[in-house]
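Q: Please work out how this folds:
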Amino acid sequence: MQNLPFVSIIVPCYNEEKTIQHLLNGIFSQTYPREKMEVVISDGLSTDGTIQAIEAFQQNHQGLQIRVVMNQARTIPSGLNQAITESRGEIIIRLDAHSMPIPEYVQRCVFALQSNKGTNVGGVWEIRSGSATWIAESISLAAAHPLGVGDAMYRLNASAGAVDTVPFGSFYKSLIEKIGGFDETLLANEDYEFNTRVRESGGIVYLDPEIRSVYFSRSTLKQLAIQYFRYGFWKLKMLKRYPHTLRWRQALPPVFVLSLLAWVVLSLWLPIAFYLLVVQLFLYFFILGFAGLRLAFVKKKGYFILGIPLAIATMHIAWGAGFLWSGISSLFNKNG
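A: Presented below is the predicted three-dimensional model:
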């Protein structure tokens, strides 16, 4: 046991009182020795009961080292970097306040790193609904559906091997000295940008499907739209630096939204454009409706017929709109 490396689990969070307990319970239940672990939570000045929930957990679980640091910048990349700076571990494992790792999570991350499988090692998500409503359940299924996420392997339970990115990475702290920390100019897509630098420095981003965690998805379409708008907006910012990293799944939503806007504008002068718009939307929702119908049949829950198309459409349109707005706003911003 004395030869096992000390592990720092870093967690950025903000107003996560509803989910932080799941995360901490998951960490406390790890098979890896607790005396070889610490949890560094970087809190973005939460205004709900997050801090109180952490303190209550600490009082009832004395065997786990938990430290909370205040993230004054209140962004995820700054929170991650702050937690890394404050960490004492040889190995860094990044988790999210919306997640819950399986008991063997840390052990398998450490084994994969010690086996030199990758420079940054991560696993797959089991996505669960953030609340017990029909739309929340629909969102959780949409977030793991190929029509919603394309070829994002960590959401599709893929086989082990090198990939372009993993959601929650684990790496030796010395990697930060080599390639730098998370980019604090990006308010989203910081993981993908970090993994791009890992790969371009000669490292390997490795997906191990035995490393699993539960991820609690957003509960409402409004929350989902805000989340995916941010993803799309900051993805374009990242692509300006690394245009070769563009994947087909990332190009389709902005093309789709742009085509809808084009048909709407053209219909003011060309009546046929309106009919083409109707045809495009019909085909689009026919495909999504079929996906919803299939899941409704498999899961024996009729509301998926409506919920799945609504959730996937929200993801596509919000992501595409965010991407396009990022491009438009950058035209008027010299730093954009």
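
Q: For G89, give me its contacts.
A: 5-8, 37-38, 173 (Cβ atoms under 8 Å, 6 or more residues apart in numbering). C-beta: built from backbone N, CA, C; applies to glycine.

Q: redo that, cut-off 6 Å
A: 6-8 (Cβ atoms under 6 Å, 6 or more residues apart in numbering).

Q: Now render those as JSON lines, adding secondary structure, neighbour count and distance to Y275.
A: What follows is the contacts of G89, written out as JSON lines (DSSP: H, G, I helix; E, B strand; the rest coil; neighbours: other Cβ atoms under 10 Å; distance: Cβ to Cβ, whole Å):
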{"residue": "F6", "secondary structure": "coil", "neighbour count": "15", "distance to Y275": "65"}
{"residue": "V7", "secondary structure": "strand", "neighbour count": "25", "distance to Y275": "60"}
{"residue": "S8", "secondary structure": "strand", "neighbour count": "22", "distance to Y275": "59"}
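
Q: which one of those is nearest F182?
A: S8 (14.8 Å; Cβ to Cβ).

Q: Verify the stated contact: that closest one with I91.
A: No: between S8 and I91 no contact is recorded; they are 7.2 Å apart, counting by Cβ atoms under 6 Å.

Q: Could you check how far E38 is from A136?
A: Here E38 is placed at a distance of 33 Å from A136 (Cβ to Cβ, to the nearest Å).

Q: cool, V110 as well?
A: When Cβ to Cβ is the yardstick, V110 and A136 sit 34 Å from each other.

Q: go on, H98?
A: 13 Å.

Q: next one: I20
A: Summarising the geometry, the distance separating I20 from A136, computed by Cβ to Cβ, is 18 Å.

Q: Also A321?
A: With Cβ to Cβ as the criterion, A321 and A136 are 22 Å apart.

Q: Over to F233?
A: 24 Å.

Q: what do you get for A160?
A: Counting by Cβ to Cβ, the gap from A160 to A136 is 31 Å.

Q: Comparing those two, which shows the higher neighbour count?
A: Comparing A160 with A136 by other Cβ atoms under 10 Å, the one with more neighbours is A136, at 22 against 15.

Q: all helices of this structure, in order?
A: Secondary structure of the chain by DSSP state H: the helices cover 20-28, 50-60, 76-86, 105-114, 134-142, 146-149, 174-179, 190-200, 221-241, 248-266, 271-299, 304-331.

Q: Tabulate these (JSON lines), appending distance to P209 and mean pLDDT.
A: Shown next, in JSON lines, are those (distance: least, Cβ to Cβ, whole Å; pLDDT from 0 to 100):
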{"stretch": "helix 20-28", "distance to P209": "18", "mean pLDDT": "94"}
{"stretch": "helix 50-60", "distance to P209": "29", "mean pLDDT": "93"}
{"stretch": "helix 76-86", "distance to P209": "24", "mean pLDDT": "95"}
{"stretch": "helix 105-114", "distance to P209": "10", "mean pLDDT": "96"}
{"stretch": "helix 134-142", "distance to P209": "19", "mean pLDDT": "94"}
{"stretch": "helix 146-149", "distance to P209": "16", "mean pLDDT": "79"}
{"stretch": "helix 174-179", "distance to P209": "22", "mean pLDDT": "95"}
{"stretch": "helix 190-200", "distance to P209": "17", "mean pLDDT": "94"}
{"stretch": "helix 221-241", "distance to P209": "23", "mean pLDDT": "93"}
{"stretch": "helix 248-266", "distance to P209": "20", "mean pLDDT": "91"}
{"stretch": "helix 271-299", "distance to P209": "22", "mean pLDDT": "95"}
{"stretch": "helix 304-331", "distance to P209": "23", "mean pLDDT": "94"}
